[in-house]
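Enquirer: Fold the following, please.
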Amino acid sequence: MGCVELRPYQQLIGKWRGTPYEVIKKIGQGGFGQVYLVRNLNTGGLYALKMTNDNISINREYQLINELKNIEIVINAYEIDDLEIDGQLFYFICLDYIDGMNLDIYLKKRTISLEVILGLMVVIVEGLIKIHENGYILGDVKLDNIMLDRVTKELRIIDLGGVVKKGETINEFTPSYDRAKWQCGSRIAAESYDLFIVTMIIIRLIFREEFNPRVHNINDIIKKINALELSEELKSFLIKGLLKEQQSNCFAKDLRKIYNGEKQNRQSKKKNSKFDRINIIFISSVSLLITTTLYIMLRL
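Expert: Numbers count the residues shown, from 1 in each chain. Alright, predicted model coming up:
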């Protein structure tokens, strides 16, 4: 990777645009390079600066982000530039800084209800539909790359490094979510590839466990799904998402229907619970009235 560790308060100036940044802290690292939280010294704004020595990859990602910039779930990119540090040339893009946490960390810190899980995935799939309509497959979706904004509560995809055009071969993938590793399809970029990943993420969130294709097979997961106390509609949806080729519009329609049903069930239970509390209070009041009346009658 050939990257260097930047220090807090270290200043960076792009070679071509000349924008000055001050490093605040490191917030991410991967095969692509490193990500730092920086402050634009001209405006005072906070940004995520993604830096690497791979010129081709970072230019490709910058172009993709700009091509998909009208999709709400996709992070914004503001500029691309390069700079020299300790005699080495590095390339960077300046991105939105999302003040929040990724879904992997969120899952570890909180218990997420089924309704919330389905609601989050509805948002993800709505974004995927737009990406698919633009002729691309996201390819490497994972909980680490989905950020929940602490302030706006919006979901944002922060890494488009695995995006490829429909019909091409998926080169970047996570084994736990790769349908080829599960022997459930090819690694050719199709809508159904992304939908398999979404299905696996839903299963991951429900079970609070990440399944490994080296240890489990797809029938193990299906057995676990059937053993859960879920609606038959949701079980069927999950199994179909693992085994069948689907289009994102139909997948989204089914997911929205199940989500709305789960939401109605929760509201119904809440309403019944409220009535139960009222009945308990009423019965208690009546019992107290009867007891008081009997006491008064016995005293007479």
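
Enquirer: Would you mind finding the longest strand in this structure?
Expert: In the chain, assigned by DSSP state E, the strand with the most residues is strand 20-30.

Enquirer: what is the mean pLDDT for it?
Expert: Strand 20-30 carries an average pLDDT of 92.

Enquirer: can you pull the buried residues of it?
Expert: The neighbour-count check on strand 20-30 (16 or more other Cβ atoms under 10 Å) flags 21, 23-24, 28 as buried. Where you see a C-beta, it was placed from the backbone N, CA and C, and this is true even at glycine.

Enquirer: how far out from the middle of the chain is the helix or strand just after that strand?
Expert: Once the chain leaves strand 20-30, the next helix or strand it forms, by DSSP states H and E, is strand 33-40. Counting by Cα atoms, centre = their mean, to the nearest Å, strand 33-40 is centred 21 Å from the centre of its parent chain.

Enquirer: now for strand 33-40, which elements pack on it?
Expert: Judged by 3 or more Cβ pairs under 8 Å, 6 or more residues apart in numbering; DSSP states H and E, strand 33-40 is in contact with strand 20-30, strand 46-52, strand 88-96.

Enquirer: quick one, which of those is nearest to Lys165?
Expert: Among the helices and strands packed on strand 33-40, strand 88-96 comes nearest to Lys165, with 20.5 Å by Cβ to Cβ.

Enquirer: Can you list the strands that the helix or strand following that closest one pairs with?
Expert: Sequence order places strand 100-102 as the next helix or strand after strand 88-96, per DSSP H and E. Its sheet considered, strand 100-102 pairs with strand 146-149 (antiparallel) by DSSP bridges.

Enquirer: List of residues touching the partner strand?
Expert: Applying Cβ atoms under 8 Å, 6 or more residues apart in numbering, the contact partners of strand 146-149 are 98-103, 106, 124, 154-158.

Enquirer: What would it look like as CSV? C-alpha coordinates only.
Expert: Only the C-alpha atoms of strand 146-149 are listed here, as CSV (Å, rounded to 0.1, in the frame of the first residue of the first chain):
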residue,chain,number,x,y,z
ILE,A,146,-22.9,1.5,5.7
MET,A,147,-22.8,4.6,8.0
LEU,A,148,-25.6,5.8,10.2
ASP,A,149,-25.4,9.6,10.6
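
Enquirer: ok, and for that strand, which residues are buried?
Expert: Applying a neighbour-count criterion of 16+ other Cβ under 10 Å, the buried positions in strand 146-149 are 146-148.

Enquirer: what packs against the very next helix or strand once past it?
Expert: The C-terminal neighbour of strand 146-149 among helices and strands, as given by DSSP H and E, is strand 155-157. Helices and strands touching strand 155-157, by 3+ Cβ pairs under 8 Å, 6+ apart, are helix 114-133, strand 146-149.
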